[in-house]
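Asker: just coords:
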């Protein structure tokens, strides 16, 4: 098994997580059950998942010049993630994500992009010497869309693999998206891309077909408790879920994507890599929060041996 090399071009946020039994009505104040502050952002979470799975990981991101910026960079460094292209941005706040979690583990998330919105194509070019040596570039949509499109073309031009997680969900130019090797939306993100509501596996098939018809080469629709659907020109396959009792589903999609990038880069065949990523994502829901709920490779392999 070879060492995976991953670069994540994306967001770094501070997660402000409130666990609550109900949501307040307008003008009402209620008590939450619990609160935690942690490091997050879709890009950062995916970087951590890949790193915990054993990949060498470089992060390309921007943070603010507030209290959260230096702490975010130190958090990356402590995990062994290359921070040479994580830049403090003067006069801008770091990204934050207030998250509200219900007793069943379902979450609602607001994202304030802050410095993430200042990540530009020039930052991709400035990181070129690092990026040219990785197996996969991993991207999301908590940074400017033009930067995402530019990075996908950069990957194509330099013969690198690329994964696009089109989250948060929004309409995109499929001609630009088609530069990605893998496009990995969840149900709501697939609906934003295709206009097809995704509530069942059959809905996911219809949505994936529309993306393939639009020029996308490989689609993976993550379906939460229903597993995932893989689709390409040769056909579609439903990857069944692993049964767990979730505590907090926040970050499960990021766990899937970061771990999948690592497993593919290591040389796992795609069907096994997908099943492994499915389990890794399921295991991430067993604890609260995002990065702190992700399993190390050793803990994951023990579960894979038992369940895989």
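Answerer: That came through fine. The structure displayed is predicted, hence computed values, not measured ones.
Asker: So what touches the worst-scoring helix or strand of the chain on mean pLDDT?
Answerer: Ranked by mean pLDDT, DSSP states H and E, the weakest helix or strand in the chain is strand 107-109, scoring a mean of 84. For strand 107-109, the external contacting residues (Cβ atoms under 8 Å, 6 or more residues apart in numbering) are 97, 98, 99, 100, 101, 248, 249, 250. C-betas here are computed from N, CA, C, even on glycine.
Asker: Most neighbours among those residues, which one is it?
Answerer: Most neighbours among the contacts of strand 107-109, by other Cβ atoms under 10 Å: residue 250, with 28 neighbours.
Asker: OK, contacts around that residue?
Answerer: If you count contacts by Cβ under 8 Å, 6+ apart, residue 250 has them with 15, 17, 99, 101, 107, 109, 289, 290.
Asker: Ranking by neighbours, what's the top pick from those residues?
Answerer: Highest count within the contacts of residue 250 by other Cβ under 10 Å belongs to residue 290, 28 neighbours.
Asker: any idea how far residue 41 is from it?
Answerer: For residue 290, the distance to residue 41 (Cβ to Cβ, to the nearest Å) stands at 9 Å.
Asker: Now residue 148. Nearest residue, chain neighbours left out?
Answerer: The shortest distance from residue 148 to any non-neighbouring residue, by Cβ to Cβ, 6 or more residues apart in numbering, is to residue 139 (5.1 Å).
Asker: Around that neighbour, count how many other residues there are.
Answerer: Neighbours of residue 139 (other Cβ under 10 Å): 29.
Asker: ok, back up a step: how distant is the least confident helix or strand of the chain from the center of its chain?
Answerer: 15 Å (Cα atoms, centre = their mean, to the nearest Å).
Asker: For the closest residue to residue 178 other than its chain neighbours, give me its contacts.
Answerer: Nearest residue to residue 178, sequence neighbours excluded (Cβ to Cβ, 6+ apart): residue 215, at 3.8 Å. For residue 215, the contact set (Cβ under 8 Å, 6+ apart) comprises 174, 175, 177, 178.
Asker: for the first one, what are its contacts?
Answerer: What that stands for is residue 174. When contacts are taken as Cβ under 8 Å, 6+ apart, residue 174 is in contact with 193, 211, 214, 215, 216.
Asker: Excluding residues flanking it in the chain, which one is nearest the third one?
Answerer: Once its chain neighbours are removed from consideration, residue 214 has its nearest residue in residue 174; the separation is 3.8 Å (Cβ to Cβ, 6+ apart).
Asker: Find me the pLDDT at that neighbour, would you?
Answerer: At residue 174, the model reports a pLDDT of 94.
Asker: now the host helix or strand of residue 83: mean pLDDT?
Answerer: Residue 83 is part of strand 82-89, with elements assigned from DSSP states H and E. If you average the pLDDT over strand 82-89, you get 97.
Asker: list the buried ones in it?
Answerer: Buried positions in strand 82-89, judged by neighbour count with 16 or more other Cβ atoms under 10 Å: 82, 83, 85, 86, 87, 88, 89.
Asker: how about the nearest residue to residue 22 once chain neighbours are set aside, what does it touch?
Answerer: Closest residue to residue 22 apart from its sequence neighbours, by Cβ to Cβ, 6+ apart: residue 30 at 6.7 Å. Shown in contact with residue 30 (Cβ under 8 Å, 6+ apart): 20, 22, 24.
Asker: Alright, that wraps it up for me.
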